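In: model this:
(one chain, ligands or ions: 1)
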Amino acid sequence: MMSTNAGTDLPATFRRLIARKVGPSFRSVAEIEEVPLQQPSSDQVLLKIAYAGVNGGCETFRCRGSSYTPFAANQTAEQFVLGAEASGTVVAVGEGVETLKVGDAVTCSGSGGFAEYILTTSQSCFPVKEASAEAVVLTLSGLTAAVALKATGGPLKAGERALVTAAGGATGHMGVQLALLAGCHVVAVCGSAAKAQRLREMGVHRIINYREGDVGEVLRREYPEGIDVAYEGVGGPLRDAVLDNLSKHGRMLVVGYISEYPHVNPDDGKAEGSRGLPPAHELFWKRQTVHIDDKTIYGNVWSGAKMQEIPAFRRQLFDLYEEGKLQAWVDSRRFHGVEQVSDAIDYMLTGQAVGKVVVSF
Ligand SMILES: NC(=O)c1ccc[n+]([C@@H]2O[C@H](COP(=O)([O-])OP(=O)(O)OC[C@H]3O[C@@H](n4cnc5c(N)ncnc54)[C@H](OP(=O)(O)O)[C@@H]3O)[C@@H](O)[C@H]2O)c1
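Out: Residues are numbered from 1 along each chain as shown. Predicted structure coming up:
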């Protein structure tokens with residue numbers, strides 16, 4: 001007997017999204033594939049996926065096989081699976097798996113989340129109370145903020161002035177809350193009244209809607225001593241405005257640079273550097289840390305975390321959520337099944353979503 005499973009109710013086949021070639025966008029290469037459902041071996045588990053998280057920028061790089069990213073090998077791959085994170089229920093376990101059993105709810109990260117089922121290793125799974133959409137929010141978007149603000153650029157100190165861009169988004173609203181919990185004075189930058197309203201309800205001290213005012217000017221006027229720590233995922237002129245207003249020993253945590261990604265910039269997401277910084281794609285993907293005077297710019301927020309610390313950060317996040325001290329926002333637009341994943345990606349890339357975009361299965 002190689003594995004134990006939930007019995008006869010498992011289908012013979014399942015559907016997943018794959019790409020057989022690289023192309024300009026997720027939609028242009030994603031196709032539905034129906035494949036046999038395989039039983040897990042040794043340390044593997046089979047999950048029935050409940051929700052998959054949408055990371056439109058990352059999936060675009062994956063589908064383009066952009067040469068400067070870890071997805072470059074996709075250019076010559078016969079095929080590759082799509083998606084990066086999901087929540088689900090264990091429906092079968094390999095004989096060597098001792099930490100999980102059939103019926104357990106988990107989240108997982110790694111490739112292949114846009115699927116009805118996924119065969120993955122038990123080590124990529126994290127047990128949760130419920131395979132919910134909120135659990136997906138915490139899995140990558142939440143963890144990224146925790147690593148940035150507790151390890152790489154942290155720990156945050158009470159009273160520090162913390163600024164978060166894309167603050168109403170998936171990882172942004174996590175960064176905002178971690179800064180509030182640390183006792184910081186929090187400045188949130190966002191691009192819609194709907195996001196501003198939700199952030200106001202969360203208790204953010206100052207909200208700047210960049211469509212209504214000049215962020216640099218507001219910061220210069222209201223924060224003459226500068227911002228101590230910035231969690232910045234937008235890039236372009238907004239990153240420059242924040243950088244210009246960092247305090248003397250300020251630190252900037254670059255979580256991404258979505259305004260310069262390929263869905264906006266046809267030159268495969270490559271742009272010139274500014275303010276003495278290397279181009280954003282180099283800063284981020286080469287995980288560079290740059291010092292300008294006494295300021296530190298962490299080009300990739302994961303650079304300061306030790307692998308062995310990460311499970312504890314994830315545990316802390318889920319504990320805070322379960323204690324009601326942390327909200328996990330799921331956008332209200334509903335997407336279901338492999339057929340609607342491309343729509344979900346396109347929607348996420350419009351920048352309208354409040355919180356995380358998820359797809360249910
Ligand atoms: N390093 C990592 O491991 C990691 C993990 C997760 C996310 N990220 C990065 O963090 C950033 C935020 O990601 P997220 O998944 O949490 O997304 P998100 O914040 O939910 O959505 C992206 C937000 O960026 C803002 N934005 C500004 N210009 C944009 C443009 N041209 N196209 C699309 N959005 C634009 C929009 O909000 P406003 O208009 O309100 O500003 C939009 O809602 C991205 O750069 C992403 O790649 C990195």
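
In: could you use CA atoms for every contact and neighbour count after this?
Out: Will do.

In: and the one helix or strand residue 250 maps to with the ligand, contact?
Out: Residue 250 is part of strand 246-254 when elements are defined by DSSP states H and E. No: contact between strand 246-254 and the ligand, assessed by C-alpha under 6 Å from any ligand atom, is absent, since the two come no nearer than 7.8 Å.

In: roughly how far is that strand from the heart of the chain?
Out: Once both centres are worked out by C-alpha atoms, centre = their mean, to the nearest Å, strand 246-254 turns out to sit 22 Å from its chain's centre.

In: same for it, what does it pack against?
Out: Contact partners of strand 246-254 among helices and strands, from 3 or more C-alpha pairs under 8 Å, 6 or more residues apart in numbering; DSSP states H and E: strand 227-232, strand 295-298.

In: which residues sit against it?
Out: For strand 246-254, the surrounding residues in contact (C-alpha atoms under 8 Å, 6 or more residues apart in numbering) are 148, 152-153, 225-233, 243, 284, 294-301.

In: now do the buried residues in the very next helix or strand once past it.
Out: Later in the chain than strand 246-254, the nearest helix or strand by DSSP H and E is helix 280-285. Buried positions in helix 280-285, judged by neighbour count with 16 or more other C-alpha atoms under 10 Å: 280-284.

In: just the closest of those to the ligand, please.
Out: When those are compared for distance to the ligand (C-alpha to the nearest ligand atom), residue 284 comes out closest, at 8.1 Å.

In: can you pull the pLDDT of the closest one?
Out: Residue 284 is assigned a pLDDT of 97 by the prediction.

In: same thing with the one 10 residues further on?
Out: The confidence metric pLDDT takes the value 95 at residue 294.

In: again with residue 309
Out: 89.

In: could you look up the SS state of it?
Out: Judged by DSSP: H, G, I helix; E, B strand; the rest coil, the three-state class of residue 309 is helix.

In: tell me how far it lies from residue 236.
Out: 32 Å (C-alpha to C-alpha, to the nearest Å).

In: go through the strand holding residue 250 and flag the buried ones.
Out: Of the residues in strand 246-254, those with enough neighbours to count as buried (16+ other C-alpha under 10 Å) are 246-247, 250-254.

In: now for those residues, which pair is the farthest apart?
Out: Using C-alpha to C-alpha, these span at most 16.2 Å, a distance reached by 247 and 254.

In: residue contacts, residue 62?
Out: 71-72, 74, 82.

In: which of the residues you listed lies closest to the ligand?
Out: Nearest to the ligand among the contacts of residue 62: residue 71, at 14.1 Å, using C-alpha to the nearest ligand atom.

In: my guess is that closest one contacts residue 60. True?
Out: No: with the criterion set as C-alpha atoms under 8 Å, residue 71 and residue 60 do not qualify as a contacting pair; they are 10.0 Å apart.

In: more neighbours, the two?
Out: For residue 71 against residue 60, the residue with the higher neighbour count under other C-alpha atoms under 10 Å is residue 60, and the figures read 23 against 17.

In: right, and the helix or strand after the helix or strand containing that one?
Out: According to DSSP H and E, residue 60 maps onto helix 56-64. The helix or strand immediately downstream of helix 56-64 is strand 80-81, counting by DSSP H and E.

In: could I get the helices and strands packed on strand 246-254 as a markdown table with mean neighbour count and distance to the ligand?
Out: Compiled in a markdown table, the helices and strands packed on strand 246-254 are given as follows (neighbours: other C-alpha atoms under 10 Å; distance: least, C-alpha to the nearest ligand atom, whole Å):
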| stretch | mean neighbour count | distance to the ligand |
| --- | --- | --- |
| strand 227-232 | 28 | 7 |
| strand 295-298 | 21 | 11 |
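
In: any chance of the ones you listed in JSON lines, plus distance to residue 97?
Out: Supplementary listing: these in JSON lines, determined by distance: least, C-alpha to C-alpha, whole Å:
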{"stretch": "strand 227-232", "distance to residue 97": "38"}
{"stretch": "strand 295-298", "distance to residue 97": "38"}
